[in-house]
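Enquirer: Build me a model:
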Amino acid sequence: MLVEPSQEILERLLTKSVWTSEEQAWMLEYLQETDQHALRQLMQEKFEQDQQQSTNLPATVSERLLAQIHEQIQATQVTEPKLNWKKWFVAAAMLILMAAATLIYLRSKQVQPVPVSKITLKQDIAPPSSNTAIITLGNGQQIILDSAGKGLLATEGNVQLTKTAEGSIVYQGSSDKYLVNTLNNPRGSKPVTLVLSDGSKVWLNSESSLRYPVAFGAAERQVEITGEAYFEVAKKAQPFKVAVAGKGVVEVLGTHFNINSYQDETFTKVTLLEGSVKVYLQTNGSGAIAIKPGQQALYLSDQQKQTAIQVKNDIDLSAVVAWKNGFFNFDNADLKSVLRQLSRWYNVDVVYQGNIPKRVFGGEMQRDLNLSEVLKILEKNNVHFKIETDKLIVMP
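Expert: Down below sits the predicted model:
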């Protein structure tokens, strides 16, 4: 007995307006087993084909289709306080594929398309496509990285500042002059990678800044950070210090660690992946606490409040650096914490309307999704959103 290839079954289902329960089960299994990258590419090709056909989906049909999808989702949903990201990715993909099937069905029935002028398109915000970071040189000159070509960008003393083909910024050389540069990576910008003159490497997240000398002196190496950065410090004789949010100091010789120090977050967090670091709050170094790989030192970000350094063990390190690897990670995160991440990434202001319920989220998702795709997933936890230009409205 010949088995019908999956691609042929898929094409056959896309020409039907109604699926049997067996066909729905097959589609769910297909979506769960298919590589996500390949599936996204398939959906993109389907959208491009639809656009070439210049056929629009009537609002009444799309509403009926969405209601049908919701019914199918409710039938298979497991009530949990946390989200199952894979399940909702499958549901979203199924919605797109069924929408494509409906378009094909409408064309075959020669349904009169609705005029474009009568369709109200929902606003959406795409993820950052580049990094729009700015380097401010010692003389005040500014270099906008996404418009700067690769190669030599500037010379500070005897230090050359270059941009690689991959977009990394590299400082090479030495200088007797103490010259300071500032790298500012705004909201709505991809992370930027920087190689300091000593060979240390820094990844700077969105809405973050790094202030550093173009060349380090013989006594010590020191930089200053706001926001979030991941460091891989080159091993040298001089200690490497990071001044954090004007309050704490992290001191190392050579190691890998992440600092999250956004002012709108309750805690500043220093997480160690490799080596060892000392964290202290006084500029004279008293009260220093050493942490080991897998540990996290944290203290209150508010500079006006007295605080002591706490240490947490058994930290999920992959979750801490998920942002560097292209993912959101919500580890028992409340709604406001989740939305602060989205605000920085999509460059939107979050506005709360009404009595917003308390929700806790767990899981991981890609950061290359449109904002509306992320919100559809969050809405499964009984909270609702509306996008208005550069604002994200949160409703109960």
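
Enquirer: Going by neighbour count, which residues in the strand or helix carrying Ala297 are buried?
Expert: Using DSSP states H and E, Ala297 falls within strand 296-300. Of the residues in strand 296-300, those with enough neighbours to count as buried (16 or more other Cβ atoms under 10 Å) are 296-300. In short, each C-beta sits where N, CA and C put it, glycine included.

Enquirer: Who does it pair with, and is each partner parallel or antiparallel?
Expert: Sheet partners assigned to strand 296-300 using DSSP bridges are listed as strand 267-274 (antiparallel), strand 310-312 (antiparallel).

Enquirer: any idea which of those is most buried?
Expert: Of all the strands paired with strand 296-300, strand 267-274 carries the top mean neighbour count, a mean of 22, counting by mean count of other Cβ atoms under 10 Å.

Enquirer: can you give me the mean pLDDT across that one?
Expert: Confidence for strand 267-274, expressed as mean pLDDT, is 95.

Enquirer: what about the helices in this protein?
Expert: If DSSP state H is used as the criterion, the helices of the chain fall at 6-13, 21-33, 36-53, 59-76, 85-108, 317-320, 335-346, 371-378.

Enquirer: for the chain, which strand is longest?
Expert: Selection of the longest strand in the chain by residue count, based on DSSP state E, yields strand 221-232.

Enquirer: partners of it in the sheet?
Expert: strand 201-204 (antiparallel), strand 208-213 (antiparallel), strand 240-244 (parallel), strand 256-261 (antiparallel).

Enquirer: Dump the shortest one to PDB, restricted to CA.
Expert: The C-alpha coordinates for strand 201-204 follow below in PDB (Å, rounded to 0.1, in the frame of the first residue of the first chain):
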ATOM      1  CA  LYS A 201      34.300  40.900  24.600                       C
ATOM      2  CA  VAL A 202      31.000  42.600  25.600                       C
ATOM      3  CA  TRP A 203      27.500  42.000  24.300                       C
ATOM      4  CA  LEU A 204      25.200  45.000  25.000                       C
END
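
Enquirer: what does that strand rub up against?
Expert: Outside of strand 201-204, the residues within contact range by Cβ atoms under 8 Å, 6 or more residues apart in numbering are 133, 183, 185, 191-196, 210, 223, 227-232, 234, 324.

Enquirer: Mind doing that once more with 10 Å?
Expert: By Cβ atoms under 10 Å, 6 or more residues apart in numbering, the surrounding residues in contact with strand 201-204 are 131, 133, 168-170, 183-185, 189, 191-196, 210, 212, 223, 225, 227-234, 242, 256, 258, 321, 323-325.

Enquirer: List only buried entries from those residues.
Expert: Burial by neighbour count, 16+ other Cβ under 10 Å: within the contacts of strand 201-204 this picks out 131, 133, 169-170, 183-185, 189, 191-196, 210, 212, 223, 225, 227-233, 242, 256, 258, 321, 323-324.

Enquirer: on that earlier part again, just name the most buried of the strands paired with strand 221-232.
Expert: Per residue and on average, the most neighbours among those fall to strand 256-261, with a mean of 23 (mean count of other Cβ under 10 Å).

Enquirer: Convert the C-alpha atoms of stretch 163-182 to PDB, please.
Expert: Taking C-alpha atoms only, stretch 163-182 is exported to PDB below (Å, rounded to 0.1, in the frame of the first residue of the first chain):
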ATOM      1  CA  LYS A 163      33.600  47.400  12.300                       C
ATOM      2  CA  THR A 164      33.800  43.800  11.200                       C
ATOM      3  CA  ALA A 165      31.700  42.200   8.400                       C
ATOM      4  CA  GLU A 166      29.600  40.600  11.200                       C
ATOM      5  CA  GLY A 167      28.900  44.000  12.700                       C
ATOM      6  CA  SER A 168      31.100  43.700  15.800                       C
ATOM      7  CA  ILE A 169      33.000  46.800  17.000                       C
ATOM      8  CA  VAL A 170      36.700  46.200  17.600                       C
ATOM      9  CA  TYR A 171      39.300  48.400  19.400                       C
ATOM     10  CA  GLN A 172      43.000  47.700  18.600                       C
ATOM     11  CA  GLY A 173      46.100  49.500  19.700                       C
ATOM     12  CA  SER A 174      47.400  51.400  22.700                       C
ATOM     13  CA  SER A 175      47.500  55.000  23.800                       C
ATOM     14  CA  ASP A 176      49.100  57.200  26.400                       C
ATOM     15  CA  LYS A 177      46.100  59.400  26.500                       C
ATOM     16  CA  TYR A 178      43.100  58.600  28.600                       C
ATOM     17  CA  LEU A 179      40.300  58.800  26.100                       C
ATOM     18  CA  VAL A 180      36.800  57.600  26.900                       C
ATOM     19  CA  ASN A 181      34.100  56.300  24.500                       C
ATOM     20  CA  THR A 182      30.400  55.500  25.200                       C
END
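
Enquirer: Can you give me the buried ones in it?
Expert: 163, 167, 169-171, 175, 181.

Enquirer: what bits of this protein have low per-residue confidence?
Expert: Low-confidence segments of the chain, defined by pLDDT under 70, are located at 1-8, 10-19, 21, 31-122, 246, 283-286, 303-304, 306.

Enquirer: thinking again about what came up before, nearest to Leu153, out of the strands paired with strand 296-300?
Expert: strand 267-274 (30.1 Å; Cβ to Cβ).

Enquirer: Send me that closest one as CSV with only the CA atoms.
Expert: The C-alpha trace of strand 267-274 is given here as CSV (Å, rounded to 0.1, in the frame of the first residue of the first chain):
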residue,chain,number,x,y,z
PHE,A,267,17.1,44.1,41.5
THR,A,268,20.4,44.4,39.9
LYS,A,269,21.6,40.9,39.1
VAL,A,270,25.2,39.7,38.5
THR,A,271,25.2,36.1,37.3
LEU,A,272,28.5,34.1,36.9
LEU,A,273,28.9,31.5,34.2
GLU,A,274,32.6,30.8,34.4
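
Enquirer: From here on, call the first residue 777.
Expert: Right, with 777 as the first residue, what we last looked at is strand 1043-1050.

Enquirer: What number of residues are in the vicinity of the closest residue to Asp922 other than its chain neighbours?
Expert: Sequence neighbours aside, Ser906 is the residue nearest to Asp922 in space, at 4.4 Å (criterion: Cβ to Cβ, 6 or more residues apart in numbering). Other residues within reach of Ser906 by the criterion other Cβ atoms under 10 Å amount to 12.
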